[in-house]
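> here's my sequence, what's the structure:
(chains A, B and C)
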Amino acid sequence: MRWYDEHRRRHLPWREEPGPYRTLVSEFMLQQTRVETALPFFQRFVDRFPDFASLAAAPLDEVLSLWAGLGYYSRARNLHASARAVVAAGSFPDTVEGLRALPGVGPYMAGAIASIALGQDVPTVDGNIARVLSRLHAFAGSRAKVWPLASLHVPPGRAGDHNQALMDLGSSICVPRKPACMICPLRTHCVAHAEGRPEAFPVLPPKRRAPRRRALAAVWRRGDTILLVRRPAEGLFGGLYDLPWTFDDHDAGPSALQRWLTEELGVPFEVGAQLGTVRHTLTHMRLELQLHVVEGEGEPRLRSFTAARWTDPAAPGELGLPTLARKALRMVIAKS
DNA sequence: AATACGGGGTG
DNA sequence: CACCCAGTATT
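Take a look at the predicted model:
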């Protein structure tokens, strides 16, 4: 804690003006996301939506548009729903159980917000804290089993600072590989360091390699624009705009795209030249999206998709586009 | 306990 | 290119 109080505390926008709203927004953004990545998104987000009321009043499309590029879009949907729940309830939850009931708030966030924004003496465990405590105790158990250890360390009255100090320590000194044990304030207490094997902890579950998946996308031109569709609310890139595309794992080729497109958009299509291939890696797959020019007559009708827009690929404007769609648009422009 | 769900970083 | 990082919901 002394390490944290004396100059090691990171200065972050959500720490300058702590409070339930900014803490909630920052924690949603920081799930699975590095501080440096989330920073510009946080600024834009709270500029546009400074409080619960403005966020709750906004249409989901606008929230997703600000989230576009940050990933894990269910977080944006859950944050929006949480803001509406807070406004409907008339107050911010004041217990861990109440926080846990907000959509998208799990055990880590509930503990983090209760300790940081509500000043309660509760522990929390994220990847950083799990790593620090696993090493401190040379503990080889899973993430879930670190919680009892975390409870042991919570100092009465300063749980919020304590939890943030552990996270800062984990992200700056007790890092996954080549931790800086020589300058670590916990060095003299750390069992893993004493045993000379800090990198042996934490013990992580084995990871499988993401399979490679092929997909076919349609570039349907009309004048200077191409067709973008809004994806279903749930699932991959849920609620965001995208080129229409479908998986083609069995390599069926253009005929598969033709059939799928006609079914999905309600008009007959012909599939033309291949524009190129966009590669994009997600957590659970490596996607190879092959772009094809298609020709169709009339206006699209909607089945799975929830909206369709003719859009200038060079100026998609406020449309919420995932990074994969942005890559695809860049290729469309390059081949124009 | 396993899987879906983005995107960015480093070597 | 390969490998690494990191919460929640769902099943």
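
> what's the first-to-last distance across stretch A:93-113?
10 Å (CA to CA, to the nearest Å).

> chain center to it, what's the gap?
Taking CA atoms, centre = their mean, to the nearest Å, one finds stretch A:93-113 lying 18 Å from the centre of the chain it belongs to.

> does DNA strand B have contacts with it?
No. Using CB under 7 Å from any atom of the strand, stretch A:93-113 stays clear of DNA strand B, with a minimum separation of 10.4 Å. All C-beta atoms are positioned from the backbone trio N, CA, C, and that covers glycine.

> list the buried residues in that stretch.
By neighbour count with 16 or more other CB atoms under 10 Å, stretch A:93-113 contains the buried residues A:93, A:96, A:98-99, A:102, A:104-105, A:107-113.

> any chance of those in CSV, with secondary structure too?
Listed next are those as CSV, based on DSSP: H, G, I helix; E, B strand; the rest coil:
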residue, secondary structure
A:P93, coil
A:V96, helix
A:G98, helix
A:L99, helix
A:L102, coil
A:G104, coil
A:V105, coil
A:P107, helix
A:Y108, helix
A:M109, helix
A:A110, helix
A:G111, helix
A:A112, helix
A:I113, helix
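
> mind putting the residues you listed in a markdown table, pLDDT and distance to A:P232 included?
Output for the buried residues of stretch A:93-113, formatted as a markdown table (pLDDT from 0 to 100; distance: CB to CB, whole Å):
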| residue | pLDDT | distance to A:P232 |
| --- | --- | --- |
| A:P93 | 97 | 30 |
| A:V96 | 97 | 33 |
| A:G98 | 97 | 30 |
| A:L99 | 97 | 28 |
| A:L102 | 98 | 23 |
| A:G104 | 97 | 18 |
| A:V105 | 97 | 24 |
| A:P107 | 95 | 28 |
| A:Y108 | 95 | 28 |
| A:M109 | 96 | 26 |
| A:A110 | 97 | 29 |
| A:G111 | 96 | 32 |
| A:A112 | 95 | 31 |
| A:I113 | 95 | 30 |
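
> nearest to DNA strand B: which residue in chain A?
A:G71 (2.9 Å; CB to the nearest atom of the strand).

> which strand or helix spans that residue?
Assignment of secondary structure by DSSP states H and E places A:G71 within no helix or strand.

> for it, what are its contacts?
A:Q32, A:T33, A:P322, A:T323 (CB atoms under 8 Å, 6 or more residues apart in numbering).

> of the residues you listed, just the buried ones, PyMOL syntax please.
To isolate the buried members of the contacts of A:G71 in PyMOL, using 16+ other CB under 10 Å:
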select buried, chain A and resi 322
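
> show me what from the stretch 51-200 of chain A comes close to DNA strand C.
Residues of the stretch 51-200 of chain A lying near DNA strand C (CB under 7 Å from any atom of the strand): A:72, A:74, A:78, A:103-110, A:126-128, A:131, A:170, A:176-177.

> still on that earlier bit, now secondary structure, distance to DNA strand C and pLDDT too, for the contacts of A:G71, in JSON lines please.
Conversion of those to JSON lines gives the following (DSSP: H, G, I helix; E, B strand; the rest coil; distance: CB to the nearest atom of the strand, whole Å; pLDDT from 0 to 100):
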{"residue": "A:Q32", "secondary structure": "coil", "distance to DNA strand C": "4", "pLDDT": "93"}
{"residue": "A:T33", "secondary structure": "coil", "distance to DNA strand C": "7", "pLDDT": "93"}
{"residue": "A:P322", "secondary structure": "coil", "distance to DNA strand C": "15", "pLDDT": "97"}
{"residue": "A:T323", "secondary structure": "helix", "distance to DNA strand C": "14", "pLDDT": "96"}
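
> show me which of the contacts of A:G71 is closest to A:G276.
Checking the contacts of A:G71 against A:G276 with CB to CB, the nearest one is A:T323 at 16.7 Å.

> so that closest one makes contact with A:H280?
Yes. The criterion here is CB atoms under 8 Å, and A:T323 meets it with A:H280 at 7.0 Å.

> which residue is the nearest non-sequential neighbour of A:A307?
Using CB to CB, 6 or more residues apart in numbering and skipping residues adjacent in sequence, the residue nearest A:A307 is A:R230, 3.9 Å away.

> isn't the one you found up against A:G238?
No. Contact status for A:R230 versus A:G238: not in contact, 9.7 Å apart, counting by CB under 8 Å.

> a helix runs through A:D121, doesn't it?
No. According to three-state DSSP, A:D121 belongs to no helix; its state is coil.

> in contact with it, which residues?
A:D121 sits next to A:S115, A:V154, A:P156, A:G157, A:A159 when contact means CB under 8 Å, 6+ apart.

> and the pLDDT at it?
At A:D121, the pLDDT value in this model is 97.

> hang on, the earlier thing: name the residues contacting each of A:T323 and A:H280.
In contact with both A:T323 and A:H280: no residue, using CB under 8 Å, 6+ apart.
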